[in-house]
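[1] make a model of this:
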Amino acid sequence: MADALILARALADPQSLALDTDWVGLITTARAEQLLGTLAYRLDGLPLPEEVALLLADARMSAENGRRAALWEAEMARRALARLGCPVVLLKGTAFVAAGLSAGRGRSIGDLDILVPRASLDAVEAALIEAGWEWVKPDPYDEDYYRRWMHELPPLIHRDRDRMIDVHHTVLPLTARITPDAASLIAEALPLGNGLSVLSPQDMLVHAAAHLFADGDLAGGLRNLWDVHCLIDEHGTDGLAVRARHHGLTREVGRALRLSGLLFGTPVPDDRQRWSDALYLRRLLARDDWGRPIRPLTRLAFYIRSHWLRMPPAMLARHLWAKWRRGGVSR
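    Okay, here's the model as predicted:
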């Protein structure tokens, strides 16, 4: 059965695509993995079938609109928080485009993610609500769960612009087995000159690896692994091992580098494959050429793993029971 390897190969080596490529499969897979804009920029300037070229031109225009919207939302948050005087660090896709990094080229950007000191959370929350953001999750259980155990406030959405913001005080749940040094992430962040900052290149890589392999179920993982490839391609890996060790994420960063090397040909310092890497590749590529999820048992296994990583067994059992009673078990 076809999987998302067709997309990984197209991103890694656009010149390898032939005119008889399965364009429907490639584009459908890219759209499902939120990588259509990235693919459109990677293929820009190559000889393509006319209808494919037109579709990818639209994707580039949509990605550019998304880039402007993300930067505007970051500016709105900056204005709302400016009077507090606390550090505000952009994360993920918005950070990539704000810093002009290649990882932001064509990248799909959803919510605005920011990192602030935990001591500033109450003031940040109040300032955002005053500026028009509102709570998304009114459920008392979710509210308590986020505030006691998660690495972020409950998500907020702006009542006029319909854009969400996730306010982080660290990058992994407080219940996780790994506890990155959030204060160090903020201290080492690079200012953009407008009151906002982004993580250092090394910490961006560490954060990407943490998000991939120490928290979630690898949904959307191919996009995040492409971020890893771009960051390494642009900044290399000097100092990365030190930062990964400092944050307790050496294993996760190592896996991110190896898998990026396997899928995208990223030059990495240690490319000796581990037996378990094949399982992660199987999950990352679990999508057919119609964009549909495949390998349900693999996906289920990684879903269970994601919850196991987030909290101890007794707490996990209580949480899943509480969520089941409310009609969902996601978080």
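
[2] buried set for the helix ranked longest in the chain?
    Longest helix of the chain, by residue count under DSSP state H: helix 50-81. The neighbour-count check on helix 50-81 (16 or more other C-beta atoms under 10 Å) flags 52, 55-56, 59-60, 63, 66-67, 70-71, 73-74, 76-78, 80-81 as buried. Glycine gets a C-beta too; all of them are placed from N, C-alpha and C.

[3] could you identify the helix or strand that succeeds that helix?
    Remark: after helix 50-81, the chain's next helix or strand is strand 89-90, criterion DSSP states H and E.

[4] hang on, the earlier thing: so what does the longest helix of the chain touch, helix or strand wise?
    helix 23-32, helix 36-42, helix 92-98, strand 112-115, helix 121-130 (3 or more C-beta pairs under 8 Å, 6 or more residues apart in numbering; DSSP states H and E).

[5] of all the ones you listed, which one is nearest Glu188?
    strand 112-115 (11.6 Å; C-beta to C-beta).

[6] hmm, who's touching that closest one?
    With C-beta atoms under 8 Å, 6 or more residues apart in numbering as the test, strand 112-115 has contacts from 70, 73-74, 77, 88-92, 94-95, 163-171, 182, 185-186, 199.

[7] of the helices and strands packed on helix 50-81, which approaches Leu285 most closely?
    helix 23-32 (9.5 Å).

[8] specify the angle between the closest one and helix 50-81 in degrees.
    10 degrees (axes from the mean of the first three to the mean of the last three C-alpha atoms, to 10 degrees).

[9] export helix 23-32 as PDB, just CAs?
    Written as PDB, here are the backbone C-alpha positions of helix 23-32 (Å, rounded to 0.1, in the frame of the first residue of the first chain):
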ATOM      1  CA  TRP A  23       0.500  14.200  -8.800                       C
ATOM      2  CA  VAL A  24      -3.000  13.600  -7.300                       C
ATOM      3  CA  GLY A  25      -1.500  11.300  -4.600                       C
ATOM      4  CA  LEU A  26       1.400  13.700  -3.900                       C
ATOM      5  CA  ILE A  27      -0.800  16.800  -3.600                       C
ATOM      6  CA  THR A  28      -3.500  15.000  -1.600                       C
ATOM      7  CA  THR A  29      -0.900  13.600   0.800                       C
ATOM      8  CA  ALA A  30       0.800  17.000   1.200                       C
ATOM      9  CA  ARG A  31      -2.500  18.700   1.900                       C
ATOM     10  CA  ALA A  32      -3.400  16.100   4.500                       C
END
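
[10] ok, residues contacting it?
    Contacts for helix 23-32 (C-beta under 8 Å, 6+ apart): 2, 4, 6-7, 10, 17, 36, 38-39, 49, 52, 55-56, 287-292.

[11] cool, stretch 47-65 as well?
    Contacts of stretch 47-65 (C-beta under 8 Å, 6+ apart): 19, 23, 27, 36-41, 43-44, 106-108.

[12] how distant is it from the center of its chain?
    24 Å (C-alpha atoms, centre = their mean, to the nearest Å).

[13] please apply the same query to stretch 269-276.
    23 Å.

[14] where does pLDDT dip in the protein?
    For the chain, the stretches flagged by pLDDT under 70 are 1, 137-142, 144, 149, 311-331.

[15] about what we covered before: now the angle from the longest helix of the chain to helix 121-130?
    Using the same axes, to 10 degrees: helix 50-81 against helix 121-130 is 110 degrees.
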